[in-house]
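Q: got a predicted structure here, sequence first:
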Amino acid sequence: MKKDKLDNKSETNKSKKNISSLTSRIFSFILLAIGIALLIYSSIHLYKWYVDSVNTSNVITKVNELVTVEENPEDSSIKVDLSELKKVNPDTVGWIQVVGTDVNYPFVQTTDNDFYLTHSFDKTYNSAGWVFLDYRNNLDNFNKNTILYAHGRLDKTMFGSLKDVFEPSWYDNSDNHIIKISTESQNTIWQIFSTYHIPATNDYIQTSFESDNEFESFINMIKNRSTHNFNTSVDSTDNILTLSTCYNNNGSQRLVIHAKLKNESSNF
């Protein structure tokens, strides 16, 4: 009887060990499968990012072959003939240059703020997108707040190099605090007065205001957020330019630059 009990106990222990071993192997297999799946997903994602990056670089090269950015020696404004670019993309409305960064591109405008988040200048699908003007804005008669968007690419294309504005070397050189824009009708210079990053919000992309008081409250809000003190006065008589992009990879933070209209002139 005792021997039967011992045999049964031994068999039970063996069964438990076998079950435990099997469970462990199944768990290890599941972890391995998850790891392989994540690796495949990451590889595909990286490959797509690389392909989009290469395509964007090719588009930038073609764009630069079509235009010459001329600088006015009198006030350092820029002039760009957009006619050849408009043949490639009729949505072309201007050219932007942010001094002290790599931002030196044509920008486009369409009927929404979605299309150019996933399409390049030549309108091909591309997750890198392109620089685009808010559909609510009118360059012939500036809104109180004119807004340009683009992705903050890790390869520093589009608005990726705007992170440089947080570097001491950028801020310490006051010549960098300028944004230049050229359109078909005029060339403008904008003086930067606020730079910051903030959790994703829409409170800085308002384009029109019901009163001067509302606009002044808006100005105070965005000035108080600035990581730098630019010592630039801004009031309700000014027109503002806003650049908006992602600050981190998951899009939970925004990098924002605000500038006021400093000078405008007809094409020289």
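A: Cool, the structure landed.
Q: can you map out the helices along the stretch 151-268 of the chain?
A: Here the stretch 151-268 of the chain has its helices, by DSSP state H, counting those that start in this stretch, at 168-172, 212-224.
Q: what does the first one contact?
A: It stands for helix 168-172. Helix 168-172 is contacted by residues 100-101, 164-165, 176, 228 when judged by Cβ atoms under 8 Å, 6 or more residues apart in numbering. The C-beta positions use only the backbone N, C-alpha and C, and glycine is treated the same way.
Q: check the longest one too.
A: Helix 212-224 is contacted from outside by 144-145, 193-194, 196, 203-204, 206, 209, 234-236, 238, 240, 256, 258, using Cβ under 8 Å, 6+ apart.
Q: rerun at 6 Å
A: 144, 194, 204, 209, 234, 236, 258 (Cβ atoms under 6 Å, 6 or more residues apart in numbering).
Q: any chance of those residues in TSV with pLDDT, distance to His151 and neighbour count as columns?
A: Converted to TSV, the contacts of helix 212-224 look like this (pLDDT from 0 to 100; distance: Cβ to Cβ, whole Å; neighbours: other Cβ atoms under 10 Å):
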residue	pLDDT	distance to His151	neighbour count
Lys144	97	26	18
Ser194	98	21	25
Tyr204	97	18	20
Phe209	96	28	17
Val234	97	27	20
Ser236	95	32	15
His258	98	19	29
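Q: want to throw those into TSV with distance to Pro73?
A: Putting the contacts of helix 212-224 into TSV (distance: Cβ to Cβ, whole Å) gives the following:
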residue	distance to Pro73
Lys144	31
Ser194	29
Tyr204	35
Phe209	37
Val234	28
Ser236	33
His258	28
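Q: that older thread, between all of the contacts of helix 168-172, which two are separated the most?
A: Greatest spatial distance among the contacts of helix 168-172 (Cβ to Cβ): Thr101 and His228, at 14.6 Å.
Q: neighbour-wise, which of these two wins?
A: Thr101 (20 against 17; other Cβ atoms under 10 Å).
Q: count the residues that sit near the closest residue to the more buried one other than its chain neighbours.
A: Sequence neighbours aside, Ser161 is the residue nearest to Thr101 in space, at 4.3 Å (criterion: Cβ to Cβ, 6 or more residues apart in numbering). By other Cβ under 10 Å, the residues close to Ser161 number 19.
Q: verify the contact between Ser161 and Val99 for me.
A: No. With contact defined as Cβ atoms under 6 Å, Ser161 does not reach Val99; the gap is 11.4 Å.
Q: where does the protein have its least confident helix or strand?
A: Using mean pLDDT, DSSP states H and E, helix 2-66 stands out as the lowest-scoring helix or strand of the chain, at a mean of 70.
Q: next secondary structure after that helix?
A: Next helix or strand after helix 2-66 toward the C-terminus (DSSP states H and E): strand 70-71.
Q: could you point out the helix or strand that follows that next one?
A: Counting by DSSP H and E, the next helix or strand C-terminal to strand 70-71 is strand 78-79.
Q: and that next one, how far out from the chain's middle?
A: Distance of strand 78-79 from the chain centroid (Cα atoms, centre = their mean, to the nearest Å) equals 24 Å.
Q: mind checking the pLDDT average for that strand?
A: On average, the pLDDT along strand 78-79 is 96.
Q: could you do stretch 154-170 as well?
A: Computed over stretch 154-170, the average pLDDT equals 96.
Q: the stretch 151-268 of the chain: strands as residue ranges?
A: 178-182, 186-199, 240-246, 253-266 (DSSP state E, counting those that start in this stretch).
Q: for those strands, give me a markdown table that also has distance to Ser76.
A: Putting these into a markdown table (distance: least, Cβ to Cβ, whole Å) gives the following:
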| stretch | distance to Ser76 |
| --- | --- |
| strand 178-182 | 8 |
| strand 186-199 | 7 |
| strand 240-246 | 17 |
| strand 253-266 | 9 |
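Q: closest to Val54 out of those strands?
A: strand 240-246 (20.7 Å).
Q: partner strands of the closest one, with direction?
A: strand 145-149 (parallel), strand 253-266 (antiparallel) (DSSP bridges).
Q: ok, and which of the ones you listed has the densest surroundings?
A: Mean neighbour counts were taken over those using mean count of other Cβ atoms under 10 Å, and the top value, a mean of 23, falls to strand 145-149.
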